[in-house]
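> what's the 3D shape of this:
(one chain, ligands or ions: 1)
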Amino acid sequence: PVSFSARASTRRQTAASRSTMSVTAGFKVAVLGAAGGIGQPLSMLMKMNPLVSELALYDIANTPGVAADLGHLNTPSKVTGYVGDDELEAALTGCALVIIPAGVPRKPGMTRDDLFAINAGIVKTLCEGVAKYCPDAIVNIISNPVNSTVPIAAEVFKAAGTFDPAKVMGVTTLDVVRSDAFVAELKGLDMKDVDVPVIGGHAGITILPLLSQTTPSVEFSDEEVEALTVRIQNAGTEVVEAKAGAGSATLSMAYAAARMGESCLRGLNGEADIYECSFVASSVTDLPYFSTKCKLGPNGVEEVMGMGEITEYEAGWLEKLKPELTGSIEKGIKFAAGE
Ligand code: NAI
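Numbering: from 1, shown residues only. You can find the predicted model right below:
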């Protein structure tokens, strides 16, 4: 089975002990939007995860086919397919983790915020289902704009009386995966050793890689820091343009979401030292939601870690990103309130 992990240190351990990894619990996981560009490869990776006992695939179309296809993999979890509103209850009941990649992706020239009109409603409806049918589940939100869809989810759960800030997580793992890959490539380092924390949000300039906190310690020139930061902020657009109208990142996103999902399940399973950056309810800054490294445990986010010491350059970006991120958060909250 594939195994991802949050930190280079634990990653090495996992690789070494993979064949003897003991699974003490099996969890039901739902993927909402499972027939999509992200949903299908993500569902396959979750089907390969030994911590998953049941995988519920939900979409508005095509999930029976995807479920039948994945059901032939000889990995232990059971796969079930659900289509449409009437089947959302069965998909969600008993879930420990719900991963949401439902919604439209970007085309060239679009920002993530351009997706708001369609995706905000989709996330709201799906989270109303989560509140009803699996209120204790951890929710991983992939649907863009994450900077707004996470506040929407939180407001839906608040209205339903089920909000647990430790369980609502925006998936920003792809920003970390990209940062790790770009730094390792540039510096000729072993991919599996590199870890760059990425903070802020998940759109353009709200994405702030903390290159100064790269593990292992790496020296960058000012020009390298500038070029890497801007490339990481625009990496999603690189893919959107290369796909020329066929959508945005799906395979790298599925990989990143599977790593995030696995980290959540390992936390639920009681494993120690599981960390992922995620866009969550936070008091690290004066913004109500912010992404930093989070320690994961049996109840979801055990601790939202601080951003650590940042450079003057990074502090400059932090000040620049705050107004945009605040606006996106407020837009989500207002939408949820029906304004
Ligand atoms: P896609 O169009 O290939 O797939 C989306 C799937 O959602 C489709 O199968 C569609 O039928 C389904 N869907 C639509 N409404 C639904 C509903 N009400 N309930 C359940 N399923 C529904 O799109 P793709 O490429 O998979 O992207 C999905 C989302 O992920 C987009 O919003 C995209 O912007 C976002 N994304 C997020 C990233 C991140 O880093 N957080 C990175 C890349 C994409």
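> got the residues of the stretch 101-250 of the chain near the ligand?
101-106, 115, 119, 122, 125-126, 142-144, 146, 171, 174, 202, 247-250 (CB under 6 Å from any ligand atom). Placement of C-beta: from N, CA and C, glycine included.
> Those in helices, which ones?
The helices, defined by DSSP state H, take in 119, 122, 125-126, 146, 174 from those.
> Identify the farthest-apart pair in the residues you listed.
125 and 174 (24.2 Å; CB to CB).
> circling back: return the members of the ones in helices among the residues of the stretch 101-250 of the chain next to the ligand classed as buried.
Among those, those classed as buried by 16 or more other CB atoms under 10 Å are 119, 122, 126, 146, 174.
> Can you add pLDDT and give the residues you listed back as JSON lines?
Listed next are these as JSON lines, based on pLDDT from 0 to 100:
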{"residue": "119", "pLDDT": "97"}
{"residue": "122", "pLDDT": "98"}
{"residue": "126", "pLDDT": "98"}
{"residue": "146", "pLDDT": "98"}
{"residue": "174", "pLDDT": "98"}
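> What ranges does the chain have for its strands?
For the chain, the strands defined by DSSP state E cover 27-32, 52-59, 78-83, 97-100, 138-141, 168-170, 198-200, 207-209, 274-281, 289-297, 300-304.
> Tell me, please, where in the chain the pLDDT is lower than the cut-off.
Along the chain, the model assigns pLDDT under 70 to residues 1-24.
> Show me what residue of it gets nearest to the ligand.
Nearest residue of the chain to the ligand (CB to the nearest ligand atom) works out as residue 36 at 2.1 Å.
> tally of neighbours for the closest residue to that residue other than its chain neighbours?
Nearest residue to residue 36 in three dimensions, chain neighbours excluded: residue 101, at 6.0 Å (CB to CB, 6 or more residues apart in numbering). Residues near residue 101, counting by other CB atoms under 10 Å, number 27.
> contacting residues for residue 101?
31-34, 36, 38-39, 42, 142-143, 253, 257 (CB atoms under 8 Å, 6 or more residues apart in numbering).
> ok, for residue 60, nearest residue in space, not its chain neighbours?
Computed as CB to CB, 6+ apart, the closest residue to residue 60 that is not its neighbour in sequence is residue 84, at 5.9 Å.
> so how far is residue 59 from the one you found?
Separation of residue 84 from residue 59 (CB to CB, to the nearest Å): 9 Å.
> more crowded one of those two?
residue 59 (25 against 11).
> for the more buried one, which residues make a bridge with it?
Taking DSSP bridges as the rule, residue 59 bridges to residue 83.
> ok now do it, which residues does it touch?
Contacts of residue 59 by CB under 8 Å, 6+ apart are 32-36, 39, 66, 82-83, 102.
> got a winner among those for most neighbours?
residue 32 leads the contacts of residue 59 on contacts (other CB under 10 Å) with 32 neighbours.
> is it true that that residue touches residue 99?
Yes: with contact defined as CB atoms under 8 Å, residue 32 reaches residue 99; the gap is 7.2 Å.
> Report the beta-bridge partners for residue 98.
Bridge pairing for residue 98 - DSSP bridges - gives residue 30, residue 139.
> export the strands of the chain to JSON lines and tack on distance to residue 232?
Below are the strands of the chain laid out as JSON lines (distance: least, CB to CB, whole Å):
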{"stretch": "strand 27-32", "distance to residue 232": "26"}
{"stretch": "strand 52-59", "distance to residue 232": "30"}
{"stretch": "strand 78-83", "distance to residue 232": "35"}
{"stretch": "strand 97-100", "distance to residue 232": "23"}
{"stretch": "strand 138-141", "distance to residue 232": "20"}
{"stretch": "strand 168-170", "distance to residue 232": "17"}
{"stretch": "strand 198-200", "distance to residue 232": "7"}
{"stretch": "strand 207-209", "distance to residue 232": "5"}
{"stretch": "strand 274-281", "distance to residue 232": "12"}
{"stretch": "strand 289-297", "distance to residue 232": "13"}
{"stretch": "strand 300-304", "distance to residue 232": "22"}
